[in-house]
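A.B. asks: my questions are about this predicted structure, shown below with the sequence.
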Amino acid sequence: MPTRRDVLVLAGAAAALAATPAQAQDRLPAVATFSILADLVKNVGGDRVEVATLVGPNGDVHVYSPTPADVKKLSAAKVIFVNGLGLEGWIDRLIGASGASAPVIVASAGVTPREIADKRDAGHATPDPHAWQSVANAKIYVGNIRDGLIRADPAGKDGYDANAKMYLGKLEALDAEVKAAIAKIPADRRKVITTHYAFGYFGDAHGLAFIAPEGLSTDAEPSAKDIATVIAQIRREKIPAVFMENIADPRLMREIASAGPWAAKLKDAGAARAASHGAEWYFRLLRAHARHVDLWRTTYYHPLVGAQAIVEWVKGTGLRPFIDPLAASEREAFLARYLAGVAEAYPAEADGTVLLPFPRLFFVATR
């Protein structure tokens, strides 16, 4: 027969297990659409929450191609966190396909969105979805995440409240640190040219101007003439810093272009792309105008489902100079050969995902 002490010990153990799940299977299963949002959820959720991420580090949430594994994650989730503001254009279809019944928490709810011009539709603007770049907005995210976790797991309210309060304190300290660093930069030098459009909220919060480079687009690789145009802009507007990138590995495209019946027609396109990938001309054009230039390469892995998805994605960017000059039948044959080359070069993972590597060439110039 159990003694009174035994009963008290068992009761205490049961209470401890109820308050703080010790095993992963006992934690609240949550899904966040991308890694930055997942980090916020982990900080607020603590040990009570098991967070799965759909788009991990080095993934591009804008053009992500979901996998069968993502469907499983969503169907098992008790709460789903999305950014909103149009960032994840694919998420509604994916949630529908998964049959998930978990509440969907929009982390950006309550944020006052910036508007950015739609390059495809003059006079029309769309909300800038990168709201977390402002600490003030990140605080709104944290509050929405806390409330969403409490909704899905009311028993954990005290812990979620405490974690959120602690994390908000860290964000306050971070904001003060950033403001102190930027305050040391003269106001007339707080200008940066960048091809990225993700820093608007950060710029607004700290008095930084992120300026689009003239004549450049992320849909095509810059030529030497394009870079010369940017340098003229730097000198004219006295911009002290540049951050740009050059994305895509054109070797397969050039090989196919030079080996098929279309070789003569595509000779100039292949030569232009080959020339655009030399690092030397970046230095040559910048050295005379920059006090310091840093240049480095890294590799970005873009997850796509199958070789066909790769071809469809690249058709609008890197392949365009090769397929635009071709007749319909030639274009079809070119794409078929490219598809076969991609399938051979980049074998799919077990779940059908292909991790497509893109070398990235970064340079930062300061005057």
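C.D. replies: Yep, that arrived.
A.B. asks: nearest residue to Val142 other than its sequence neighbours?
C.D. replies: Among residues not flanking Val142 along the chain, Ala164 sits closest, at 5.4 Å (Cβ to Cβ, 6 or more residues apart in numbering). Just so you know, the C-beta spots here come from the backbone N, C-alpha and C atoms, and that holds for glycine as well.
A.B. asks: what about the one you found, neighbour count?
C.D. replies: If you count neighbours by other Cβ atoms under 10 Å, Ala164 ends up with 23.
A.B. asks: from Gly46, how far off is it?
C.D. replies: Distance of Ala164 to Gly46, computed by Cβ to Cβ, to the nearest Å: 10 Å.
A.B. asks: can you check Gly156 too?
C.D. replies: Taking Cβ to Cβ, one finds Gly156 at 9 Å from Gly46.
A.B. asks: show me which positions of the host helix or strand of Val178 end up buried.
C.D. replies: Using DSSP states H and E, Val178 sits in helix 157-183. The neighbour-count check on helix 157-183 (16 or more other Cβ atoms under 10 Å) flags Gly159, Tyr160, Asn163, Ala164, Tyr167, Leu168, Leu171, Asp175 as buried.
A.B. asks: make TSV out of those and add distance to Ala205 and pLDDT.
C.D. replies: Listed next are those as TSV, based on distance: Cβ to Cβ, whole Å; pLDDT from 0 to 100:
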residue	distance to Ala205	pLDDT
Gly159	30	97
Tyr160	26	98
Asn163	24	96
Ala164	21	97
Tyr167	18	94
Leu168	16	95
Leu171	12	90
Asp175	8	89
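A.B. asks: just the closest of these to Gly200, please.
C.D. replies: Asp175 (16.9 Å; Cβ to Cβ).
A.B. asks: who does Val51 bridge with?
C.D. replies: Ala30 (DSSP bridges).
A.B. asks: got the contact list for it?
C.D. replies: Val51 makes contact with Ala30, Val31, Ala32, Ala38, Val41, Lys42, Gly45, according to Cβ atoms under 8 Å, 6 or more residues apart in numbering.
A.B. asks: same deal with Glu50?
C.D. replies: Glu50 touches Ala24, Arg27, Leu28, Pro29, Ala30, counting by Cβ under 8 Å, 6+ apart.
A.B. asks: show the contacting residues for the fourth one.
C.D. replies: Residues near Pro29 by Cβ under 8 Å, 6+ apart: Glu50, Ala52, Ala76, Ala77, Lys78.
A.B. asks: rebuild these as TSV, extending it with distance to Glu88.
C.D. replies: Converted to TSV, the contacts of Pro29 look like this (distance: Cβ to Cβ, whole Å):
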residue	distance to Glu88
Glu50	21
Ala52	15
Ala76	19
Ala77	15
Lys78	19
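A.B. asks: using neighbour counts, trim the residues you listed to the buried set.
C.D. replies: Glu50, Ala52, Ala77, Lys78.
A.B. asks: assess the claim that the last one and Asp153 are in contact.
C.D. replies: Going back to what we said before, that points to Lys78. Yes. Using Cβ atoms under 8 Å, Lys78 makes contact with Asp153 at a distance of 7.4 Å.
A.B. asks: which neighbours do these two have in common?
C.D. replies: Joint contacts of Lys78 and Asp153 (Cβ under 8 Å, 6+ apart) are Leu28.
A.B. asks: which residue packs closest to Ala117, ignoring adjacent ones?
C.D. replies: Ala125 (5.7 Å).
A.B. asks: torsion angles phi and psi at the one you found?
C.D. replies: With angles defined as degrees, to the nearest 10, Ala125 sits at phi -120, psi 150.
A.B. asks: surely it meets Pro113?
C.D. replies: No. Using Cβ under 8 Å, Ala125 is not in contact with Pro113, being 9.9 Å away.
A.B. asks: do you know how far Ala340 is from Phe334?
C.D. replies: According to Cβ to Cβ, Ala340 stands 11 Å off from Phe334.
A.B. asks: which of the two has more neighbours?
C.D. replies: Phe334 (21 against 12).
A.B. asks: can you tell me the SS state at that one?
C.D. replies: Following DSSP: H, G, I helix; E, B strand; the rest coil, the label given to Phe334 is helix.
A.B. asks: follow-up on the earlier one: so Gly156 and Gly46 - more neighbours on which side?
C.D. replies: Gly156 (22 against 18).
A.B. asks: where do the domain boundaries of this structure fall?
C.D. replies: Listed by automatic domain parsing, the domain ranges of the chain are 19-178, 213-366.
A.B. asks: Ala187: how many residues sit nearby?
C.D. replies: Ala187 has 10 nearby residues by other Cβ under 10 Å.
A.B. asks: so it is in contact with Leu208, correct?
C.D. replies: No. Counting by Cβ under 8 Å, Ala187 stays clear of Leu208, with 10.0 Å between them.
A.B. asks: for the chain, which segments are assigned as helices?
C.D. replies: 4-19, 35-45, 68-76, 91-98, 135-152, 157-183, 200-206, 224-237, 251-259, 267-276, 280-287, 306-315, 320-323, 328-345 (DSSP state H).
A.B. asks: by mean pLDDT, show me the worst of those.
C.D. replies: In terms of average pLDDT, helix 280-287 trails the rest of the helices of the chain, at a mean of 38.
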